[in-house]
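S.K.: Got a sequence here, can you model it:
(chains A, B and C, ligands or ions: 3)
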Amino acid sequence: MTDNMTRLRVGQGYDVHRLVEGRKLILGGVHIPSELGLLGHSDADALLHAVTDAVLGACAMGDIGTHFSDTDPQFEGADSGLLLKNVIEKARVKGFKLLNVDSTLICQSPKLAPHMAAMHQSLSTLCGLPLDAVNIKAKTNEKLGYLGRKEAIEAQAVVLMVKGA
Amino acid sequence: MTDNMTRLRVGQGYDVHRLVEGRKLILGGVHIPSELGLLGHSDADALLHAVTDAVLGACAMGDIGTHFSDTDPQFEGADSGLLLKNVIEKARVKGFKLLNVDSTLICQSPKLAPHMAAMHQSLSTLCGLPLDAVNIKAKTNEKLGYLGRKEAIEAQAVVLMVKGA
Amino acid sequence: MTDNMTRLRVGQGYDVHRLVEGRKLILGGVHIPSELGLLGHSDADALLHAVTDAVLGACAMGDIGTHFSDTDPQFEGADSGLLLKNVIEKARVKGFKLLNVDSTLICQSPKLAPHMAAMHQSLSTLCGLPLDAVNIKAKTNEKLGYLGRKEAIEAQAVVLMVKGA
Ligand SMILES: [Mg+2]
Ligand SMILES: [Mg+2]
Ligand SMILES: [Mg+2]
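M.R.: Ligands and ions are numbered 1, 2, ... in the order given. Predicted coordinates:
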């Protein structure tokens, strides 16, 4: 029984990207209307990057930077949803199955409330999980620090996975 | 067996509130003597808010802001212990049981050491868990950033839950 | 069956230390060549401190500060690997077994990529876990805040544990 539970794995992810002019804001695979967007080599989707890192972490497969170099031209402007799906597939090949995902977006602006349902649906689809095994929370940083000054958006994620079917 | 383990869920929470004059400092449901207290619509108990968000996250029930609006007059000065108990009860109705809670307070001042045992007892009671399934860690931020300047207190939490009895 | 799963525990850890001149940089028990090192009473290994706190958290055994006071002369310059091993042994005595560890280092400089394999091996050995149950992720903070200004290094960790054999 305990032997069985030893197949469980937890993983965590953190990401932050700068908010700048002239970029689209993409979070959880969803385009969010905004004067500012996240800066990065790919589409800079901080939420999907944090979830991707959490999956890699649970499977002991390193981190997003080792799988998708941010100097590799093929990932310039990359759709981070494809990166997440690629990582979940690599994990599946190794025998890992995702059980659930929880996450937090720390974003002073724009307001994310009107987009939470779309992000939830998008992240569930990308993860191949039902809606009731995926969660996104959102909050401001109470105007504290660079997050509070709207200079960046942070994402945090945690996942539970099980190895071997 | 694996089917059984697929009922497990992990959740995480993050919260930060500003330290200001003229407010009580409430953490983990415990009043801590302090010249400064946390600013917020409710009692601003960052620790209970982080735990509440972690529970909601594990159950895919959104976030604390969607359950208890910070513009709703009925939650002005609210006891965050009641909000946490409300969320745990909502989760129970959906079939979710809390297994354990771990958390961290990042607080440069005041010293929390004299109050850790009381917070531990309070959080255990609020969660309906034995003391050995609940943990609170505390530390300074090495005088770095807004936490290090005593402008705010941050809380982090993680929970494990299981669905279906 | 559910009774069995109630023996599972999740824990999380956070640590940050200042980067200063005249100190060695030790991360994950590995000496990393660097002009700056982490400031602290012990060897200031933020990664091992975060993992140690996560283990203590999962077992509801408090935090690293209560086990190893940072004013106690016996821990001046202490090898944090010994502290982590001590905590894992204390947990084992209480019946807790570590299942997996995931972690993130947020470090703007120096580059950690050349040292990831050595840190991975070191952390696995310290935890008594195979390499495929231990993970370290590394990233910059996109030049944001004190982490982005190379004033400090942050570590985050999460662990899964099971009680009773
Ligand atoms: Mg990123
Ligand atoms: Mg709050
Ligand atoms: Mg430390």
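S.K.: For A:M161, which three-state class applies?
M.R.: strand (DSSP: H, G, I helix; E, B strand; the rest coil).
S.K.: since we're on it, how many residues are nearby?
M.R.: Neighbourhood size, A:M161 [other CB atoms under 10 Å in any protein chain shown]: 26. Yep, even glycine has a C-beta here, placed from its N, CA and C like the rest.
S.K.: By mean pLDDT, flag the weakest helix or strand of chain A.
M.R.: Least confident element among the helices and strands of chain A, by mean pLDDT, DSSP states H and E: helix A:2-5 (a mean of 74).
S.K.: mind exporting that one as PDB, just the C-alpha atoms?
M.R.: Presented in PDB, the C-alpha positions along helix A:2-5 are these (Å, rounded to 0.1, in the frame of the first residue of the first chain):
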ATOM      1  CA  THR A   2       2.800   2.400   1.000                       C
ATOM      2  CA  ASP A   3       4.700   1.100  -2.000                       C
ATOM      3  CA  ASN A   4       1.800   2.200  -4.100                       C
ATOM      4  CA  MET A   5       1.700   5.700  -2.600                       C
END
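S.K.: so how far is the helix or strand that comes right after that helix off the chain centroid?
M.R.: Following helix A:2-5 in sequence order, the next helix or strand is strand A:8-21 (DSSP states H and E). Between the centre of strand A:8-21 and the centre of its chain there are 6 Å (CA atoms, centre = their mean, to the nearest Å).
S.K.: who does strand A:8-21 pair up with?
M.R.: Strand pairing for strand A:8-21, using DSSP bridges, gives strand A:36-38 (antiparallel), strand A:152-163 (antiparallel).
S.K.: Sticking with the residue positioned nearest the centre of chain A, tell me its helix or strand.
M.R.: Residue closest to the mean C-alpha point of chain A, counted by CA atoms, centre = their mean, is A:L48 at 2.3 Å. Here A:L48 is covered by helix A:46-58, with elements defined by DSSP H and E.
S.K.: which residues does the closest residue to ligand 3 within chain A bridge with?
M.R.: Closest approach between chain A and ligand 3, counting by CB to the ion: A:Y14, at 17.6 Å. Applying DSSP bridges to A:Y14 gives these bridge partners: A:Q156.
S.K.: which residues does the closest residue to ligand 1 within chain A contact?
M.R.: Per CB to the ion, A:H49 is where chain A lies closest to ligand 1, at 3.6 Å. Contact analysis of A:H49 by CB atoms under 8 Å, 6 or more residues apart in numbering or on different chains lists A:13, A:15, A:64, A:80, A:83, A:155.
S.K.: Filter those down to the buried ones, PyMOL style.
M.R.: Buried residues among the contacts of A:H49 (16 or more other CB atoms under 10 Å in any protein chain shown), as a PyMOL selection:
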select buried, chain A and resi 13+15+64+80+83+155
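S.K.: got JSON lines for the contacts of A:H49, with pLDDT and distance to B:T6 too?
M.R.: Formatted as JSON lines, the contacts of A:H49 follow (pLDDT from 0 to 100; distance: CB to CB, whole Å):
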{"residue": "A:G13", "pLDDT": "98", "distance to B:T6": "21"}
{"residue": "A:D15", "pLDDT": "98", "distance to B:T6": "27"}
{"residue": "A:I64", "pLDDT": "97", "distance to B:T6": "26"}
{"residue": "A:S80", "pLDDT": "97", "distance to B:T6": "26"}
{"residue": "A:L83", "pLDDT": "96", "distance to B:T6": "25"}
{"residue": "A:A155", "pLDDT": "98", "distance to B:T6": "25"}
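S.K.: re the thing from before, most tightly surrounded among the strands paired with strand A:8-21?
M.R.: strand A:152-163 (a mean of 27; mean count of other CB atoms under 10 Å in any protein chain shown).
S.K.: quick one: it near ligand 1?
M.R.: No - Strand A:152-163 lies out of reach of ligand 1 by CB under 5 Å from the ion, never closer than 8.3 Å.
S.K.: Tell me the residues of chain A that contact chain C?
M.R.: A:1-2, A:5-6, A:8-18, A:39, A:53-54, A:56-66, A:145-146, A:151-152, A:158 (CB under 8 Å from any CB of the partner chain).
S.K.: What's the local residue count around A:T104?
M.R.: Counted with other CB under 10 Å, A:T104 comes out at 26.
S.K.: What strand or helix carries it?
M.R.: Using DSSP H and E, A:T104 falls in strand A:96-106.
S.K.: still on that earlier bit, could you work out the most separated pair of the contacts of A:H49?
M.R.: A:L83 and A:A155 (14.1 Å; CB to CB).
S.K.: For ligand 2, what is the nearest residue in chain A?
M.R.: A:K139 (7.5 Å).
S.K.: Can you name the residues bridging to that residue?
M.R.: With DSSP bridges as the rule, A:K139 is bridged to A:I106.
S.K.: That one touches B:D15, doesn't it?
M.R.: Yes - using CB atoms under 8 Å, A:K139 is in contact with B:D15, at 7.4 Å.
S.K.: Quick check: phi and psi at A:S69.
M.R.: phi -60, psi 140 (degrees, to the nearest 10).
S.K.: Measure how buried it is and give me the count.
M.R.: By other CB under 10 Å, neighbour count at A:S69 equals 12.
S.K.: what's near enough to touch it?
M.R.: A:S69 touches A:F75, counting by CB under 8 Å, 6+ apart.
S.K.: Give me the contact status of the helix or strand harbouring A:V87 with ligand 1.
M.R.: In this assignment (DSSP H and E), A:V87 forms part of helix A:80-93. No - applying CB under 5 Å from the ion, one finds helix A:80-93 separated from ligand 1 by no less than 7.9 Å.
S.K.: Now tell me what touches that helix from outside.
M.R.: So helix A:80-93 is in contact with A:26, A:29, A:42-45, A:48-49, A:51-52, A:55-56, A:58-59, A:61, A:64, A:67-68, A:75, A:98, A:122, A:126-128, A:161, going by CB under 8 Å, 6+ apart.
S.K.: ok, now with 6 Å
M.R.: For helix A:80-93, the surrounding residues in contact (CB atoms under 6 Å, 6 or more residues apart in numbering or on different chains) are A:29, A:42-43, A:45, A:48, A:52, A:55-56, A:59, A:68, A:126.
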